[in-house]
Structures are given as C-alpha cells and as structure tokens.
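Visitor: Take a look and give me a structure for this.
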Amino acid sequence: QLQKVKSDLEMVLSVVQSKNEKLEEELKREQQWYEEQEQVVAVLNRMEQEAKTKAEQLPKESAAFYELQHGILKLKMYKEELLNALGKFLEEHFPLPENCESAIKKKSSEEPTVELITLNDILKILINKLMSTPHKPYVTINDSFWPPYIELLLRYGIALRHPEDPNRIRLEAFHM
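Guide: Numbering: from 1, shown residues only. Predicted coordinates:
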C-alpha cells in the first residue's frame, strides 16, 4: 500500500512539476508581454510630450500663420481694387468702337459677326495665361481681338509677339 501511495504521490509530483513548468513558461510570456506594454507606454508618453510641446508652440505658429493669411487676404483685396480701377480706366479711355459691328458686316455679309472683346478682357486673358501657365504664356489671337488694341499693346511694349507664330502674343513679364 505504501508503494501505491508512493507511486500516486510521484505521479502527482510529476503532474505538479509539469504544471509548474507550464506556469513558469506562461509567467515568462506574461513578463515579456508586460515589458512590451511598458515599451509601448513609454513610446506613447514620449509622443504625448512631443504633442504637448508642439501644442505649446502652436499659438506662436498659428499667430504667424494668421498674419500670413491676413496679409494674403489684403493682397488679394488690393489686387481686386487695382483690377477694378484698371477696368474702369480702360472702359473710359479705350471703349470698343461703336460701329465695329456694321464695319464687320460691310466687310463680309456672308460670315457671321464676331463680338469684339474689350481691352480690359484682353489684358485679363493675357494676365491669367501668364500666371496660370508661365511656361506657355502665349495666347492665340482670334477674330474677337480688335486689331488696333493688339497693335496698341505691341507698340507700347505691353505685349510681345511669338517669335515663330505672329498670331500669338503674350504679356511682357514685368514682374521678372
């Protein structure tokens, strides 16, 4: 009977030892997981500190950003005022010819009349083309451009003809 108890106890001991080994392995895994979590927490704390530092600097930067935005807005408003003043000046001093439609009709009664655009519109087209595509600033002259306006722009150095195509002009790049 003692032998039986001894064998039962040895069996219990082996089961307990195997459970103990499993628990030790699990403990090692849990400790490794805990260390990884501590590293994650440390990284998150560092990121939080960096975010706080940036947040503290943000009011200074946002003030500068606000000033820049305000300056840009003022420049846009000033540009609009200048364009409006230019438009009024051009309408007053360079109107479209009043009899341009009858002159065009007399030239060729077969072709439909072309509506001429104002000098202000021509300048807007040239400015927009120069600003939107500075690498291709040339505009093709069509029938809606009144030839005396084109000659005026060319003669006074406001516009330049394309070196290879005389039907294309561009605004002189005064800003460069």
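
Visitor: contacts and neighbour counts: CA atoms only from here.
Guide: Will do.

Visitor: Which element is encountered next along the chain beyond the lowest-mean-pLDDT helix or strand in the chain?
Guide: Every helix and strand of the chain was ranked by mean pLDDT, DSSP states H and E. The lowest is helix 100-107, at a mean of 50. Once helix 100-107 ends, the next helix or strand along the chain (criterion: DSSP states H and E) is helix 119-132.

Visitor: distance between the helix or strand that that following helix is followed by and the chain's centre?
Guide: Remark: after helix 119-132, the chain's next helix or strand is strand 139-140, criterion DSSP H and E. When C-alpha coordinates are averaged (CA atoms, centre = their mean, to the nearest Å), strand 139-140 and its chain have centres 27 Å apart.

Visitor: Also stretch 86-102?
Guide: The answer for stretch 86-102 is 37 Å, by CA atoms, centre = their mean.

Visitor: got the buried residues for that stretch?
Guide: 87, 90 (16 or more other CA atoms under 10 Å).

Visitor: For the chain, which residues score under the pLDDT cut-off?
Guide: Residues of the chain that meet the criterion pLDDT under 70 lie in 58-61, 99-112, 175-176.

Visitor: Mind telling me which residue is nearest the centre of it?
Guide: residue 132 (13.5 Å; CA atoms, centre = their mean).

Visitor: I'd like the distance between it and residue 66.
Guide: Separation of residue 132 from residue 66 (CA to CA, to the nearest Å): 26 Å.
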